[in-house]
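Participant: Sequence and predicted model, in that order:
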Amino acid sequence: MRRCNISRWHSFSLLLFGLLAFTGCGEPTKKIVLLINTEDAFWNAARAGVKEAATDLKFADAKYEAYVDSNVGQAKGQIEKLTSYLARKDIVAVGISPYDAQNDGVAEVLKKLKDTGVG
């Protein structure tokens, strides 16, 4: 009788493993972010382009998502946004339109992101 229970457990384990492997083990969607410097009509067009490219390139099929994230129009705001990305494991790439291209703080956080594997 005990052997039967082990066989059931073994069968259940194999079934569960197969289902998890087939569904990607619940792997989160990877995010590609474009951080903009402030809201503007130009960025509305960029948002539409990002959405269209993600559809054309079938990002969802590969468990990727691309989106535009907005800043409040200050270098400090961009640094805060970038710093928040450090804690997120789902972000795999970041593009940025810097509010202040000469701000060393933005470059420092981007380097930290790169060091964690974010492209």
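Facilitator: Yep, it's here. A quick note: this is a predicted structure, and the numbers were derived from the prediction, not measured.
Participant: and the gap between residue 85 and residue 27?
Facilitator: When distances are taken as Cβ to Cβ, to the nearest Å, residue 85 and residue 27 turn out to be 19 Å apart. Where C-beta positions appear, they are placed from N, C-alpha and C, glycine not excepted.
Participant: The two: which is more packed in?
Facilitator: Neighbours were tallied for residue 85 and for residue 27 using other Cβ atoms under 10 Å; the higher tally belongs to residue 85 (20 against 10).
Participant: Excluding chain neighbours, what is closest to that one?
Facilitator: residue 91 (4.9 Å; Cβ to Cβ, 6 or more residues apart in numbering).
Participant: how much space is there between that neighbour and residue 30?
Facilitator: Taken as Cβ to Cβ, the spacing of residue 91 relative to residue 30 amounts to 8 Å.
Participant: quick one: contacts of the one helix or strand residue 46 maps to?
Facilitator: Using DSSP states H and E, residue 46 sits within helix 41-56. The set of residues external to helix 41-56 that reach it, using Cβ atoms under 8 Å, 6 or more residues apart in numbering, is 34, 36, 60, 64, 65, 66, 67, 68, 70.
Participant: on that earlier part again, what residues are bridge-paired with the residue nearest to residue 85?
Facilitator: The residues listed as beta-bridge partners of residue 91 by DSSP bridges are residue 31.
Participant: repeat for residue 96
Facilitator: Beta-bridge partners of residue 96, counted by DSSP bridges, are residue 35.
Participant: list the contacts for it?
Facilitator: When contacts are counted by Cβ under 8 Å, 6+ apart, residue 96 is found next to 34, 35, 78, 82, 106, 110.
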